[in-house]
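Chemist: with the sequence up front, the predicted model follows.
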Amino acid sequence: MKEKFEELMKKDIVNILAIESSCDETAASVVCNGRKVLSNVVSSQIEIHQKFGGVVPEVASRNHIANVYDVACEAVLKSGLNFENIDAIAVTYGAGLMGALLVGVNFAKGLAYALKKPLLAVSHVEGHIAANYITHEKLEPPFTCLMVSGGHTCLFDVKSYTEFNLIGQSVDDAAGEAFDKVARVLGLPYPGGPNIDKKAKLGEDNIVFKHRNNLKNTLDFSFSGIKTAIMSYVNSLKQSGEEVNVNNICASFQSYVANELSTKAIRACKEQSSTKLVVAGGVSANSKLKEVLTEKCKENGVELFMPELKFCGDNAAMIGSQAYFNLKTGKGLAEMDLTAKSRLIPKWTNIKN
Ligand code: KG4
Ligand code: ZN
């Protein structure tokens, strides 16, 4: 397959079929030259997982198995191409839920083998960043990136399309995870982020949840302290029979998270002497985060890039995009022994502090 991969590196027009199944969305997309989305199919399992209050990994895997073939066929059909004139098959191999990832990886392997096309392995996090190349057709690295999703909260110094230097990350919960957990405490349905966002619009940012945060002067984040503080706050109100003002709690929590993320993203830009900030991942859909970042970027002379709403959450177009940029730098070719990895970014260590 190496020869075919090298031929593709030189080809002017490259159409990639990408598969994404790292969590609870089964997705497939055909992307031309990393920026032009020919089709983008996302089959969401949100309704299935909502009754459990969160994603049940085993249930997610089973649903991916049931959906992946139809989703991939629909993506190819909608692209106006056929399986023969797809140039390569890309797939998310990590990070994510092991069983869920394995469904996509094995489906992509089977497809690449049957079609005799190169198989391209893509990191989910890098894919989220690439979603911005689709939305902003002129965007090019280098830039500073704030990656905020259900599984990751990281700051990267993105040196090129394929070089990512981790400069900060959450020491505990990811921002999206904190949104989901706080929503659960407040009795709001999964996924918590969009529901907190809606409620926050009806409330006031007037509650300070007292907690310790020792990371103030670093590029690292911590969200478990505020989450625990909200839990105790809600429990004590309930115990004393007082009203729990869900809207105000949502507005106050959301403002805290948006400020924390924005402050550190701007600090990272300054430290890297970067004039471009790129935001990626599901939490980039948050309205308050967008508002605060827009304001702070303007104040600090930083140009802000955020993905179009439909590319904020999990999708396969972003995977097809990153696969293309990997390919053009000779990276990402996988063999039939490709397996899934639940974690790709090393866990936080205390080296910097
Ligand atoms: O990137 P994503 O779709 O999946 C992962 O890679 O984790 O991110 C999902 C996360 C969930 O935690 C969800 O609650 C959060 O993104 N999210 C939001 C919003 N929309 C989705 N968080 C805050 N505000 C939103 N509007
Ligand atoms: Zn994601």
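Modeler: Arrived safely. Ligands and ions are numbered 1, 2, ... in the order given.
Chemist: whatever helix or strand residue 63 lives in vs ligand 1: in contact?
Modeler: When secondary structure is defined by DSSP states H and E, residue 63 falls within helix 57-79. No: no part of helix 57-79 sits close enough to ligand 1 to count as contact by C-beta under 6 Å from any ligand atom; the gap is at least 12.0 Å. From N, CA and C alone the C-beta is placed, and that goes for glycine too.
Chemist: give me the buried positions along that helix.
Modeler: Of the residues in helix 57-79, 57, 59-65, 67-68, 71-72, 75-76, 79 count as buried by neighbour count, 16 or more other C-beta atoms under 10 Å.
Chemist: around ligand 2, which positions in the stretch 1-150 of the chain sit nearby?
Modeler: Taking C-beta under 5 Å from the ion as the criterion, the neighbours of ligand 2 within the stretch 1-150 of the chain are residue 149.
Chemist: so the residue in the stretch 1-150 of the chain that ligand 1 sits nearest to, which state does it fall into?
Modeler: With distances taken as C-beta to the nearest ligand atom, the stretch 1-150 of the chain approaches ligand 1 most closely at residue 150, which sits 2.8 Å away. What DSSP: H, G, I helix; E, B strand; the rest coil gives for residue 150 is coil.
Chemist: quick check: the gap between residue 254 and residue 127.
Modeler: Applying C-beta to C-beta, to the nearest Å, the value for residue 254 to residue 127 is 26 Å.
Chemist: wait, I meant residue 272
Modeler: 22 Å.
Chemist: more neighbours: these two, which one.
Modeler: Per other C-beta atoms under 10 Å, whichever of residue 272 and residue 127 has more neighbours is residue 127, with 27 against 21.
Chemist: and the residue nearest to the spatial centre of the chain, what does it touch?
Modeler: Central residue of the chain (C-alpha atoms, centre = their mean): residue 281, 3.0 Å from the mean position. Contacts for residue 281 (C-beta atoms under 8 Å, 6 or more residues apart in numbering) come out as 125, 128, 147, 148, 149, 152, 176, 312.
Chemist: same check on residue 236?
Modeler: Under the criterion of C-beta under 8 Å, 6+ apart, the contact list for residue 236 is empty.
Chemist: would you list the phi and psi of it?
Modeler: When quoted as degrees, to the nearest 10, the phi and psi of residue 236 stand at phi -70, psi -40.
Chemist: from ligand 2, how far out is it?
Modeler: To ligand 2, residue 236 is 35 Å away according to C-beta to the ion, to the nearest Å.
Chemist: rewinding a little: number of nearby residues for the residue of the stretch 1-150 of the chain closest to ligand 1?
Modeler: A total of 26 residues lie near residue 150 under the criterion other C-beta under 10 Å.
Chemist: may I ask you to confirm that it is in contact with residue 23?
Modeler: Yes: counting by C-beta atoms under 8 Å, residue 150 sits close enough to residue 23 to count as a contact (7.1 Å).
Chemist: point out the residues in the stretch 201-350 of the chain that sit beside ligand 1.
Modeler: Taking C-beta under 6 Å from any ligand atom, the part of the stretch 201-350 of the chain that reaches ligand 1 is made up of 281, 282, 283, 285, 286, 313, 314.
Chemist: closest to ligand 1 among the residues you listed?
Modeler: Compare each of those with ligand 1 using C-beta to the nearest ligand atom and the shortest gap goes to residue 282, at 2.1 Å.
Chemist: I'd say that closest one and residue 194 touch.
Modeler: No: when contacts are counted by C-beta under 8 Å, residue 282 is not listed as touching residue 194 (9.1 Å).
Chemist: which one of these two has more residues nearby?
Modeler: Taking residue 282 and residue 194 together and counting by other C-beta under 10 Å, residue 282 has the greater number of neighbours (23 against 19).
Chemist: and the lowest-mean-pLDDT helix or strand in the chain, what's buried?
Modeler: Across the helices and strands of the chain, mean pLDDT, DSSP states H and E gives its lowest value to helix 46-50, namely a mean of 89. If you call a residue buried by 16+ other C-beta under 10 Å, then helix 46-50 has these buried ones: residue 49.
Chemist: tell me which other helices or strands that helix touches.
Modeler: In this structure, helix 46-50 makes packing contacts with helix 57-79, judged by 3 or more C-beta pairs under 8 Å, 6 or more residues apart in numbering; DSSP states H and E.
Chemist: next SSE downstream of the helix it packs on?
Modeler: Next in sequence after helix 57-79, counting helices and strands by DSSP H and E, comes strand 88-94.
Chemist: which stretches of the stretch 201-350 of the chain have low pLDDT?
Modeler: Residues of the stretch 201-350 of the chain that meet the criterion pLDDT under 70 lie in 348-350.
Chemist: what does it put close to ligand 2?
Modeler: Contact residues, the stretch 201-350 of the chain versus ligand 2 (C-beta under 5 Å from the ion): residue 314.
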